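S.K.: okay, sequence plus prediction incoming.
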Amino acid sequence: MTFSRKFFAFLTYITTMMVVYCKADRYPPPTGLTYVWLDNFTLTVSWKKPSGLPDDHEIAFLMKNTADNSEMCVTGSNVKLSILTEDVRSDSWMYKVWTVSKSCNRSTESIPANLTIDTPRPRAEVVKDFKCFISSNELNCSWIPANRSLNLMLSYRTCGSLEEDLKKCDHPYSSGERNGCHLHFDTSPDSICILVETEAGMSTFKPALVVPPPQLNISEDDGHLKLSFTPQLIGDSECWIYNVCYTQCNTIRKCLNTINGETTMMVSYNKNCLYEFRSKVTTAKRCISVFSNFSDAQLYGKNELPDGTLTVVAIVIPIILSVCVFLSCYCFRRHSSIICPIIPDPSAIFKEMMMNGNKELKTTTGSLYTPVPELIEPCKITLVAENGVLEQNS
């Protein structure tokens, strides 16, 4: 029992010493973390170096954005950051700062100092369906205002740039329900960051990049249709994926796409069918995100009945018509008295009425009036002698 108590006390002492030794080797954390917004994209974060370290002690500071887990190592006591978030619900970011060795070795890092950064203005959904059409060295951007009663101001610049000033939309325009603006850029179009502001709040994001639908050329090639697309002039040619969806004889719908920048594809061809094609273009995942809407329908061929069917139709239809005509004539002849009854002459009726009493007048055939003969009792007359008795028999 005495040995166990001594052994336990020894282990406790060793553990305590190790903890003290390890804590002694770790740097103290930075203090006094503050930030200042320079504009709606850029801010400066600063802090005080930990006290209690020799002046010649070389240290650095490790910063981590907890939203995307990105890290950066800083040798000074302040840093300039460019922050962009597309989450409308996010109004703040959390950063952690450690004191580490100048080589950014985390074996002796301090406990983290936390800093919460709030947006300069409340975030809100200011615009809807914001997209930019790429053309030469400018972006034709358009959007649907979330609230037309509020004045909207648009600014932009290269994402991550710490020295570039924000550019304003100088020449806005309106087209139907959409508003728009032409943005000029000197770098890749996918590096543009957008800021839109109204009285209700602000929103920052990278715009969706759009190009016109690809031009589709159709030609016949040995029982197939050869579909060829005009190559896109923007970006890497191997990034583009050409998509086409088509219907055959108004019933069958299929969709095909190319890979690795190929601009042609083959489709089986039925000469008796009408084909309707719609095409669009997208980019591969390894490239910047660009897309187009589907093009208008492009027609090729026409719907025709096969030759055998035409022959059958040319023979059967005249036969059916002939039989129908024959049956019609037969039925008409057989039931002509019902279909076309004989109508009596009305003048005979008036003539009979005017000449009533003339016994020699013959009754017109088919007269509507025939008098009923009267019943006359017959009588028998017998001649008798001069001196005889007159008798009458009835």
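M.R.: Structure's in. What do you need?
S.K.: what bits of the stretch 51-200 of the chain have low per-residue confidence?
M.R.: Flagging of the stretch 51-200 of the chain using pLDDT under 70 yields the residue ranges 54-56, 86-89.
S.K.: end-to-end on stretch 286-295?
M.R.: By CA to CA, to the nearest Å, the extent of stretch 286-295 from end to end equals 25 Å.
S.K.: ok now that stretch, how far from the chain's centre?
M.R.: How far stretch 286-295 lies from its chain's middle: 14 Å, per CA atoms, centre = their mean, to the nearest Å.
S.K.: equivalent analysis for stretch 111-124, please.
M.R.: How far stretch 111-124 lies from its chain's middle: 37 Å, per CA atoms, centre = their mean.
S.K.: quick check: end-to-end length of it?
M.R.: 35 Å.
S.K.: and that stretch, what's buried?
M.R.: By neighbour count on 16 or more other CB atoms under 10 Å, the buried set for stretch 111-124 is 112, 113, 115, 117, 119, 123, 124. In this view, the C-beta of every residue, glycine as well, is placed from N, C-alpha and C.
S.K.: just put the residues you listed in TSV and tack on distance to residue 159.
M.R.: Formatted as TSV, the entries for the buried residues of stretch 111-124 read as follows, by distance: CB to CB, whole Å:
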residue	distance to residue 159
112	27
113	28
115	22
117	18
119	17
123	17
124	21
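S.K.: how about stretch 230-248: buried residues?
M.R.: Residues of stretch 230-248 classed as buried under the neighbour-count rule (16+ other CB under 10 Å) are 232, 234, 235, 239, 240, 241, 242, 243, 244, 246, 247, 248.
S.K.: domain map for this structure?
M.R.: When the chain is parsed with automatic domain parsing, its domains come out as 26-115, 127-210, 216-301, 306-359.
S.K.: list the residues that contact the residue nearest the centre of the chain.
M.R.: Per CA atoms, centre = their mean, the C-alpha nearest to the average position across the chain is that of residue 293, at 9.2 Å. Residue 293 makes contact with 210, 213, 280, according to CB atoms under 8 Å, 6 or more residues apart in numbering.
S.K.: just the buried ones from those residues?
M.R.: When neighbours are counted using 16+ other CB under 10 Å, those contain these buried positions: 210, 213, 280.
S.K.: list the contacts for the first one?
M.R.: Read it as residue 210. The neighbours of residue 210, taking CB under 8 Å, 6+ apart as the test, are 131, 132, 133, 134, 290, 291, 292, 293.
S.K.: next one, pLDDT for it please.
M.R.: At residue 210, the pLDDT value in this model is 93.
S.K.: that one pairs with what?
M.R.: Taking DSSP bridges as the rule, residue 210 bridges to residue 133, residue 291.
S.K.: for residue 292, see how far away it is.
M.R.: When CB to CB, to the nearest Å is applied, the distance between residue 210 and residue 292 equals 6 Å.
S.K.: same thing with the second one?
M.R.: According to CB to CB, residue 213 and residue 292 sit 5 Å apart.
S.K.: same check, this time on the last one
M.R.: Residue 280 sits at a distance of 5 Å from residue 292 (criterion: CB to CB).
S.K.: between these two, which contacts overlap?
M.R.: Common neighbours of residue 280 and residue 292, using CB under 8 Å, 6+ apart, are 213, 214.
S.K.: would you list the contacts of residue 293 in CSV and tack on distance to residue 52?
M.R.: Written out in CSV, the entries for those read as follows (distance: CB to CB, whole Å):
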residue, distance to residue 52
210, 57
213, 66
280, 64
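S.K.: so residue 332 belongs to a helix, correct?
M.R.: Yes: counting by DSSP: H, G, I helix; E, B strand; the rest coil, residue 332 is found in a helix.
S.K.: tell me how many other residues surround it.
M.R.: Under the neighbour criterion other CB atoms under 10 Å, residue 332 is assigned a count of 11.
S.K.: cool, residue 221 as well?
M.R.: Counted with other CB under 10 Å, the burial measure for residue 221 works out to 10 neighbours.
S.K.: ok, what's across the strand from the residue lying closest to it once chain neighbours are set aside?
M.R.: Counting by CB to CB, 6 or more residues apart in numbering, residue 221 lies nearest to residue 266, which is 7.2 Å off, once chain neighbours are set aside. Note on residue 266: beta-bridge partners residue 226, judged by DSSP bridges.
S.K.: does residue 266 touch residue 225 like I think?
M.R.: Yes: between residue 266 and residue 225 a contact is recorded at 7.2 Å, counting by CB atoms under 8 Å.
S.K.: the two: who's more crowded?
M.R.: Between residue 266 and residue 225, counting by other CB under 10 Å, residue 225 is the more crowded of the two (19 against 13).
S.K.: excluding chain neighbours, what is closest to residue 250?
M.R.: Taking CB to CB, 6+ apart, and ignoring the residues beside it in sequence, residue 250 has residue 274 as its nearest neighbour in space, at 6.8 Å.
S.K.: what sits against residue 253?
M.R.: Neighbour list for residue 253: 245, 246, 247 [criterion: CB under 8 Å, 6+ apart].
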